[in-house]
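>>> have a look at this prediction, sequence included:
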Amino acid sequence: MTTARQSSPPAVRYRRRKRRSFWLLNLAIGVVLLLTIGLAGLLLFNETVNEPEPMLGPGTFPDAANLIRFKVLDGWEVIHAGTATRVKHQSGTFPDYVLAIKQNTQINLVVNWDCTILQERSASIAQAVLPWDVTLQYARIPCAEDLTIPTYGQLYVTLNDGTEQQAVVVFGPLDAQNWIVVYAGPFSGEASPTLVEAMTETVRSARRLS
């Protein structure tokens, strides 16, 4: 004689459905958490892989526009910001300097310049190169016998607010039509020989990318 299977009371069935619902909900939450963690890890890995390595000197690096390569000395770092190229001292001891390519007409010079022309046009060269609205008070431009050696000018400038500061400009010929120009400032105090040396080496070593 078989006994009819008794059905569970409604309260028991409700508790079972409730436990099953909680289990499914917890499973869904767990899956979402795993997917979120996995996606975050993938994004972090992708950022790490695609992040460019810092351009720390000593070494040779391209400019932001990928037109030239140039050297930076030990302790300096190349920074690309859009199309601008900046070189900063890693400890922040010295001012940053900016690198630019200027055509002959932009700095009021021609390739066959000489010491006399350089002295005569120092004010207009500085005004053409510097990105600030300044008044040139004084320029010291040593002139070497070898005109391919970069020349630097130490400039005393007056800003629009009347503040007197200094700036340094170093430039040299890149080719028949263009010049490499780097400038630093405005800043207070005398220009450090370390800063001038770093800027001069950048200009001296600049070469077009083939």
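Cool, the structure landed.

>>> show me the domain layout of this protein.
1-51, 55-208 (automatic domain parsing).

>>> where along the protein do the strands fall?
All strands of the chain, identified by DSSP state E, fall at 55-56, 59-62, 68-72, 76-81, 84-89, 97-103, 135-140, 151-158, 164-173, 178-187, 207-208.

>>> kindly reformat those strands as JSON lines containing mean pLDDT, distance to residue 122 and mean neighbour count.
Every C-beta, even on glycine, is put in place using the N, C-alpha and C of the backbone. Formatted as JSON lines, these follow (pLDDT from 0 to 100; distance: least, C-beta to C-beta, whole Å; neighbours: other C-beta atoms under 10 Å):
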{"stretch": "strand 55-56", "mean pLDDT": "91", "distance to residue 122": "32", "mean neighbour count": "15"}
{"stretch": "strand 59-62", "mean pLDDT": "96", "distance to residue 122": "30", "mean neighbour count": "16"}
{"stretch": "strand 68-72", "mean pLDDT": "97", "distance to residue 122": "24", "mean neighbour count": "20"}
{"stretch": "strand 76-81", "mean pLDDT": "96", "distance to residue 122": "26", "mean neighbour count": "17"}
{"stretch": "strand 84-89", "mean pLDDT": "96", "distance to residue 122": "23", "mean neighbour count": "18"}
{"stretch": "strand 97-103", "mean pLDDT": "93", "distance to residue 122": "15", "mean neighbour count": "19"}
{"stretch": "strand 135-140", "mean pLDDT": "70", "distance to residue 122": "4", "mean neighbour count": "14"}
{"stretch": "strand 151-158", "mean pLDDT": "78", "distance to residue 122": "6", "mean neighbour count": "20"}
{"stretch": "strand 164-173", "mean pLDDT": "86", "distance to residue 122": "9", "mean neighbour count": "21"}
{"stretch": "strand 178-187", "mean pLDDT": "90", "distance to residue 122": "14", "mean neighbour count": "22"}
{"stretch": "strand 207-208", "mean pLDDT": "94", "distance to residue 122": "26", "mean neighbour count": "12"}
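
>>> got a list of what the residue found closest to residue 124 once you drop the neighbours it is linked to in the chain touches?
Nearest non-adjacent residue to residue 124, counting by C-beta to C-beta, 6 or more residues apart in numbering: residue 108, 4.7 Å away. Residues near residue 108 by C-beta atoms under 8 Å, 6 or more residues apart in numbering: 121, 124, 125, 128.

>>> lovely, talk soon.
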